[in-house]
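> Sequence first, predicted model second:
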Amino acid sequence: MYSLLDTVHTPDDLRRMDRAQLPQLARELREFLVESVSNTGGHLSSNLGTVELTIALHTVYDTPEDKLVWDVGHQTYAHKILTGRRGAMGRLRMAGGIAGFPRRDESPYDTFGTGHSSTSISAALGMAVAAKLQGSQRRAVAIIGDGAMTGGMAFEALNNAGAIDANLLVILNDNDMSISRPVGALNNYLAKLMSGRFYAAMRRGSEKVLKGMPPVLEFAKRAEEHVKGMVIPGTMFEEFGFNYIGPIDGHDLDALLDTLGNIRKLEGPQFLHIVTQKGKGYALAEEDCLLYHGVSKFDRAQGIVPKESSRPTYTQVFGQWLCDMAEQDERLVGITPAMCEGSGLAEFAERFPARYFDVGIAEQHALTFAAGLACDGYKPVVAIYSTFLQRAYDQLIHDIAIQNLPVVLAIDRGGLVGADGATHAGSFDLSYLRCIPNMTVMAPADENECRAMLYTAMQLNTPSAVRYPRGTGPGVAIVKEMAALPIGKGEVRRAGKRVAILAFGSMLAPALVAGEQLDATVANMRFVKPLDSELILRLAREHELLVTVEENAVQGGAGSAVEECLQRHGVSVALLQLGLPDRFIEQGEHGQMLADCGLDAKGLVAGIQSRLTD
């Protein structure tokens with residue numbers, strides 16, 4: 001079917017191709033990407049935008065000896081296809097299949113595993129320094145998107161790289177359409193010229209000659225910056241110590257090959273700015289690159305048809321609550337680190353633009369920014385995925401909790417997340433939140449409880465977190481009226497004998513099913529901190545076995561909190577803690593992942609029966 005793509009099994013095959021064949025290879029690769037992702041789901045728009053860049057990199061650089069470090073992984077499908085994994089794309093992001101992100105244990109071409117953004121420059125710099133220390137001529141390349149470049153870690157790495165003077169190339173893949181205007185033949189020519197060794201040698205030579213005449217040298221530098229500043233936005237990167245080149249058209253293979261070929265011969269830190277188009281080559285994705293960023297299976301000819309759902313997702317429940325609450329309280333401010341749509345803030349951003357802040361991929365800044373707002377009387381709500389909150393742990397402790405500021409954390413994707421796997425799972429938040437003083441931590445069991453907990457958090461004058469899972473809830477009818485919950489109080493949802501199941505958040509539904517089969521008491525604990533100690537102690541007196549169930553790591557989680565409570569009060573009772581095991585849970589279908597961990601109703605029954613018969 002594919003005359004050229006069928007012949008590429010490794011980058012060595014690519015390097016043996018005639019340069020004139022590469023545009024056709026790009027077309028075939030792009031066609032395969034649309035076909036493949038439409039059958040499996042995954043990230044599409046960003047991957048369509050990096051086809052030519054991927055071909056050029058593997059053609060010019062001696063991979064895997066030369067190191068390519070991709071930021072996050074939303075742009076690595078073409079890389080996977082060209083490095084021997086084309087046949088595995090049919091099980092992309094499925095149990096037992098290849099990951100949607102680079103993984104070191106998957107291929108020698110995946111030099112660094114990435115799930116969070118803004119890490120590529122730091123990692124590639126480490127590899128460049130390793131090569132320097134070893135006396136090796138291998139090259140290290142970091143490919144980072146304009147969104148990831150908003151992360152503070154990227155700038156920390158840039159600052160360090162300029163001082164180290166290692167052979168590092170940073171490629172900024174700029175796919176913001178508003179920045180594409182400077183691209184054209186003149187810029188491509190200038191980039192090729194400035195990446196050449198003649199230009200670099202001339203620049204170094206002129207500096208050496210003019211060193212004896214400091215005023216003239218300063219004048220020459222300012223003149224060069226002024227001239228370059230008229231056609232390229234590179235002054236800032238040059239101040240970091242990089243030789244800035246670009247911007248060039250990231251879909252022009254000739255420009256990419258010539259420029260990368262020249263850069264590979266240069267010494268020291270280099271910065272190449274390319275401009276690409278998300279969704280390139282697939283008209284529907286070009287028209288709406290956001291819709292086609294992360295997709296489920298779809299008909300490639302018909303495109304994505306929005307599915308009607310009778311049940312809202314927890315993300316949608318949060319988004320509607322945020323709008324309802326903003327109408328009632330003018331102090332409410334919504335903040336997100338570059339996750340507007342994913343976190344359910346789109347409607348809020350449209351209706352309350354003055355109170356909506358997307359701070360970019362800058363989780364640390366998001367929390368301290370919220371703390372500053374709270375200092376002056378506002379009630380910030382930070383909408384953030386559990387896995388990304390991990391990046392702002394210091395700010396949560398130092399800037400919010402120590403100062404006891406009323407910041408509400410709306411934590412999405414708590415627990416397992418399916419196809420995105422271990423890098424995006426919210427496996428640890430209950431553990432790392434409950435140990436922080438001044439925090440109130442809640443986990444809703446259904447949609448109405450989610451609204452009630454968010455409202456409760458808004459009434460507190462202290463830090464609080466509401467942690468909810470990905471996807472839909474049990475499907476209870478939404479009640480618009482909001483009332484605060486009594487702090488630190490759970491409820492018994494089913495009375496039984498011998499066994500009491502203490503369920504936290506999303507685990508209430510399977511716990512109720514298991515409770516029916518075992519005739520067990522089932523409690524909806526609601527609060528992880530403060531715990532309902534009175535309820536725990538009463539259930540301990542009335543039952544032979546307490547069972548805690550949570551979609552969180554067992555170590556240090558809600559079950560551990562219950563055990564600490566029992567020890568603190570000197571109560572001795574059999575206790576079984578069920579939760580995520582002490583390993584990273586690989587990608588798969590969410591329900592099956594829970595079953596594999598023994599956290600579906602069948603697994604709960606089996607685990608409890610096993611303990612009763614011990």
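Looks like it came in fine.
> Just name the shakiest helix or strand of this protein by mean pLDDT.
helix 214-231 (a mean of 48; mean pLDDT, DSSP states H and E).
> following that one, which helix or strand comes up?
Per DSSP states H and E, the first helix or strand lying C-terminal to helix 214-231 is helix 235-239.
> Which strands and helices lie in contact with the next helix or strand along the chain from that next one?
Counting by DSSP H and E, the next helix or strand C-terminal to helix 235-239 is strand 243-249. Applying 3 or more CB pairs under 8 Å, 6 or more residues apart in numbering; DSSP states H and E, one finds that strand 243-249 contacts helix 185-194, helix 235-239, helix 253-263, strand 270-275. Every residue, glycine included, has its C-beta placed from N, CA and C.
> roughly how far out does strand 243-249 sit from the chain middle?
27 Å (CA atoms, centre = their mean, to the nearest Å).
> Give me the most central residue, the protein.
Closest residue to the average C-alpha location of the chain: residue 116 at 4.5 Å, with CA atoms, centre = their mean.
> With adjacent residues omitted, what lies nearest to that one?
Residue nearest to residue 116 in three dimensions, not counting chain neighbours: residue 391, with 6.5 Å by CB to CB, 6 or more residues apart in numbering.
> Show the pLDDT at residue 308.
pLDDT for residue 308: 67.
> which stretches of the stretch 351-500 of the chain form strands?
With strands called from DSSP state E, counting those that start in this stretch, the stretch 351-500 of the chain shows them at 356-358, 379-385, 408-412, 440-442, 464-467, 491-494, 499-503.
> Same list (those strands) but as a markdown table, adding distance to residue 65.
Converted to a markdown table, those look like this (distance: least, CB to CB, whole Å):
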| stretch | distance to residue 65 |
| --- | --- |
| strand 356-358 | 40 |
| strand 379-385 | 36 |
| strand 408-412 | 41 |
| strand 440-442 | 48 |
| strand 464-467 | 44 |
| strand 491-494 | 60 |
| strand 499-503 | 52 |
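> before we move on, the earlier item: ok, now how distant is the residue nearest to the centre of the chain from residue 481?
Per CB to CB, to the nearest Å, residue 116 is found 39 Å from residue 481.
> how about low-confidence regions in the stretch 51-200 of the chain?
The model of the stretch 51-200 of the chain has pLDDT under 70 over residues 176-200.
> Just to check, residue 61 is in contact with residue 140?
No - if you go by CB atoms under 8 Å, residue 61 and residue 140 don't touch, sitting 9.7 Å apart.
> neighbour count winner among the two?
residue 140 (28 against 23; other CB atoms under 10 Å).
> Got phi/psi on the more buried one?
With angles defined as degrees, to the nearest 10, residue 140 sits at phi -120, psi 130.
> just residue 413 next, same as before
Backbone torsions of residue 413, given as degrees, to the nearest 10, read phi 60, psi 40.
> Pull the contacting residues for it.
385-387, 424-426, 469-470 (CB atoms under 8 Å, 6 or more residues apart in numbering).
> same check, this time on residue 159
Taking CB under 8 Å, 6+ apart as the contact definition, residue 159 lies against residue 240.
> just checking, next helix/strand downstream of the helix or strand hosting it?
Of the helices and strands defined by DSSP H and E, residue 159 is found in helix 152-164. The C-terminal neighbour of helix 152-164 among helices and strands, as given by DSSP H and E, is strand 168-174.
> what's that following strand packed up against?
helix 120-134, strand 140-145, helix 152-164, strand 270-275.
> Specify the angle between that strand and helix 152-164 in degrees.
150 degrees (axes from the mean of the first three to the mean of the last three CA atoms, to 10 degrees).
> Just want the angle from strand 168-174 to helix 120-134.
160 degrees.
> most residues in a single strand of the protein, which one?
Scanning the chain for the strand with the most residues, using DSSP state E, yields strand 545-553.
> just to revisit the earlier point, buried sites along the helix holding residue 159?
Within helix 152-164, the residues that count as buried by 16 or more other CB atoms under 10 Å are 153-154, 157-158, 160-162.
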